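Asker: Predicted model, plus sequence, below.
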Amino acid sequence: MQIMRALTTIFLVCLISASAIAEKHTALIVEGQNNHGIWPKTSKMMKKYLEETDKFTVDIVRTAAKGIDPKFKPDFSKYDVVVSNYNGAPWPEATQKEFLEYISAGGGFVVVHAANNSFGNWREYNRVIGLGGWGGRNEKSGPYVYYNDEGKLVRDESKGNGGHHGPQHDFSIIVRDPEHPITKGMPGEWLHVKDELYDFLRGPAEDMNVLATALASKDKGGSGRHEPMIFTINYGKGRVFHTPMGHADYSQECVGFISTLQRGTEWAATGKVTIEIPKDFPTADKTSKRPYTE
């Protein structure tokens, strides 16, 4: 009898363990070309951040170092969410088509920092990411989107190029939608560590929800506007989480960035967020960092 009980216990433990593994979300990080030379490290950092939640298994796929890579044909359909750390040459047309089909059918997508610089002439990619910078973007790409000082969301059709930033510095994140699953439970204001504060982003901004902003202070060479820093886009049945934060390794060591990435990626994959806000999350007047180690 004792042997049977022991065997039953072992079986149940194995069953529960197998179930837990099966329930993990699958994520793919895309990398290979980027004007930010730190990208091999930041891809590893994001992989670690996602996996340490115990909710993700993460693969990384790399394109050729230069030019269009005809062999770049990842099977997006194998993953619940794709994370882009890519800013480079266009993907092959077949891969572009499969990517759009993946998101339209309900796949998740995460856009981090310079990934919104990519593919300025790819109309549908601009619809997927909502807003982008550089890459030839201008008024034909869509409006500037920001909050004014009165707290009103503005869609500005003025002429001008898309994409700019002043010198790197710490800056405050202001939560605009405290009830969204990604930002729910965050402090209303928190201090992000040294980073590039992207401003003058523009794009179609269709079905887009701005969750948090940062003031691109003119004293720091910025637009003087409250620029989107955490936002989501719905594309077909797919969910897109987008943050312009995360320029360098020290930027991604910010606990605010880490938590936002983890929660935003879970939301893109599932539509829900179960990952809690950590106790060491930054406050309105104090940054919080976790030194990265491999």
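Answerer: That came in fine, so what should we check first?
Asker: for this protein, which spans come out with low pLDDT?
Answerer: 1-22 (pLDDT under 70).
Asker: And the helices in it, which stretches?
Answerer: 2-22, 39-51, 93-104, 123-129, 249-252, 255-270 (DSSP state H).
Asker: so which of those is the most packed in?
Answerer: helix 255-270 (a mean of 25; mean count of other CB atoms under 10 Å). Placement of C-beta: from N, CA and C, glycine included.
Asker: any chance of the helices of the chain in a markdown table, plus distance to residue 153?
Answerer: Below are the helices of the chain laid out as a markdown table (distance: least, CB to CB, whole Å):
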| stretch | distance to residue 153 |
| --- | --- |
| helix 2-22 | 41 |
| helix 39-51 | 29 |
| helix 93-104 | 24 |
| helix 123-129 | 18 |
| helix 249-252 | 26 |
| helix 255-270 | 20 |
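Asker: now for these, which one comes closest to residue 213?
Answerer: Closest to residue 213 of these, according to CB to CB: helix 255-270, at 13.2 Å.
Asker: Against which helices or strands is the closest one packed?
Answerer: Applying 3 or more CB pairs under 8 Å, 6 or more residues apart in numbering; DSSP states H and E, we find helix 255-270 packed against strand 25-31, helix 39-51, strand 81-84, strand 108-112, strand 189-195, strand 226-235, strand 238-243, helix 249-252.
Asker: try 6 Å
Answerer: helix 39-51, strand 81-84, strand 108-112, strand 238-243 (3 or more CB pairs under 6 Å, 6 or more residues apart in numbering; DSSP states H and E).
Asker: out of these, which comes closest to residue 27?
Answerer: Of the helices and strands packed on helix 255-270, nearest to residue 27 by CB to CB is strand 81-84, at 5.0 Å.
Asker: Tell me the strands beside that closest one, with direction?
Answerer: Strand pairing for strand 81-84, using DSSP bridges, gives strand 25-31 (parallel), strand 108-112 (parallel).
Asker: Need the residues that contact the last one.
Answerer: In this case it means strand 108-112. 80-85, 103, 129, 239-242, 246, 265, 268-269 (CB atoms under 6 Å, 6 or more residues apart in numbering).
Asker: I'd assumed residue 120 was in contact with residue 136.
Answerer: Yes - counting by CB atoms under 6 Å, residue 136 touches residue 120, with 4.3 Å between them.
Asker: and which of the contacts of strand 108-112 is nearest to residue 192?
Answerer: Distances from residue 192 to those, taken by CB to CB, are shortest for residue 246, at 9.9 Å.
Asker: Leaving aside the residues adjacent along the chain, what's closest to that closest one?
Answerer: Leaving aside its sequence neighbours, residue 246 sits nearest to residue 113 (CB to CB, 6 or more residues apart in numbering; 4.2 Å).
Asker: quick one on the thing from earlier: could you save the helices and strands packed on helix 255-270 as CSV and add columns showing distance to residue 256?
Answerer: Converted to CSV, the helices and strands packed on helix 255-270 look like this (distance: least, CB to CB, whole Å):
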stretch, distance to residue 256
helix 39-51, 12
strand 81-84, 18
strand 108-112, 14
strand 238-243, 10
